[in-house]
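In: Show me how the following folds:
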Amino acid sequence: MKATDLLKEHHQEVEELFERMSQADSDEISALRDELVATLVSHSAIEEELFYPESRGALGASPLIPTSYEEHALVDVMLQKLLSTEPGDETFHARLGVLKELVQHHVEEEEKELFPQVESAMGAARLEELGGRLEARFGQVRASDVEALLARNVAKSMPAATGGRRARAAKPSARKAAAKRPPAKRAPKRASTQRAEPARGAQKGRRATATGRKKTAATAPAKTGRAAPARKASRPAKTSRTGRKGGRASNAPAR
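Out: Alright, predicted model coming up:
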């Protein structure tokens, strides 16, 4: 069987499991959930280990393959949430519905875009050989501890995001610590003080000039005061005039 045909069969099996779970009672739904998890985890494993690397070799760089890896990671997270939820819980069917939407979107992209490109690039013979390897590996994964494999897959995808959040959270703390360091603050202050000294000297010079102008203006009345003795000196002239009058009076009898 060709690799793409085998993967399409898995897609169909998963779709049927979703349909059965939507109609199952509480006694059946747990067993159907376990079968769904085993099928999806095994299917994702053979795609990531064999089909995607072979497809990349045939197609070269393609945005479809990195996208498929990321969609698998999201499906794994929802599968783990579904396993941790009791079927009677009100969130069980909500999580089942989200998982179904993710899987359907992923299947649609693969069957309409990726698979036709791979079939054109590989050819029938190569697809047959790859299909045999995929089928054998699927049986091996399905027979293993699927839930443990799922937990490892989720652990591999989550730490990168968690570490990124911790690094971003640590940046503000590092900035605060750097801001609290005394040397980083003192150096700029000394530089600013040295720069301010010439400005202060210039201000003192301006103040001295202004004070000198005020003193010069204050001495102006002193010049007026010096003229006062000249006015006082004119008083003896008046006295002399009086003297003249007196003289004239003394000369009257002579006339």
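
In: Name the nearest residue to Glu71, sequence neighbours excluded.
Out: Once flanking residues are discounted, Glu71 sits nearest to His106: 4.5 Å by Cβ to Cβ, 6 or more residues apart in numbering. Heads up, the C-betas are built off the backbone N, CA and C, glycines and all.

In: immediately after the helix or strand harbouring that neighbour, which helix or strand?
Out: Element membership of His106, judged by DSSP states H and E, is helix 92-109. Note on helix 92-109: by DSSP H and E, the next helix or strand toward the C-terminus is helix 115-122.

In: Which phi and psi values does Pro87 adopt?
Out: For Pro87, the backbone dihedrals are phi -60, psi -30 (criterion: degrees, to the nearest 10).

In: cool, Gly60 as well?
Out: Per-residue torsions, Gly60: phi 80, psi -160 (degrees, to the nearest 10).

In: give me the low-pLDDT residue ranges for the protein?
Out: 159-255 (pLDDT under 70).

In: Helix 92-109 and the helix or strand hosting Leu40, what's the angle between them?
Out: Assigned by DSSP H and E, Leu40 belongs to helix 26-46. Interaxial angle of helix 26-46 relative to helix 92-109 (axes from the mean of the first three to the mean of the last three Cα atoms, to 10 degrees): 30 degrees.

In: Pull out the CA atoms of helix 26-46 and give them to me as CSV.
Out: The C-alpha trace of helix 26-46 is given here as CSV (Å, rounded to 0.1, in the frame of the first residue of the first chain):
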residue,chain,number,x,y,z
SER,A,26,-20.7,6.6,29.7
ASP,A,27,-19.8,2.9,29.7
GLU,A,28,-18.3,3.0,26.2
ILE,A,29,-16.7,6.4,26.0
SER,A,30,-13.6,5.6,28.1
ALA,A,31,-12.6,2.7,25.9
LEU,A,32,-13.2,4.7,22.8
ARG,A,33,-11.1,7.5,24.2
ASP,A,34,-8.2,5.2,24.8
GLU,A,35,-8.5,3.8,21.3
LEU,A,36,-8.5,7.3,19.9
VAL,A,37,-5.4,8.3,21.8
ALA,A,38,-3.5,5.2,20.7
THR,A,39,-4.4,5.7,17.1
LEU,A,40,-3.5,9.4,16.9
VAL,A,41,-0.3,9.0,18.9
SER,A,42,0.9,6.1,16.7
HIS,A,43,-0.1,7.9,13.5
SER,A,44,1.8,11.1,14.5
ALA,A,45,4.8,9.0,15.4
ILE,A,46,5.2,7.4,12.0
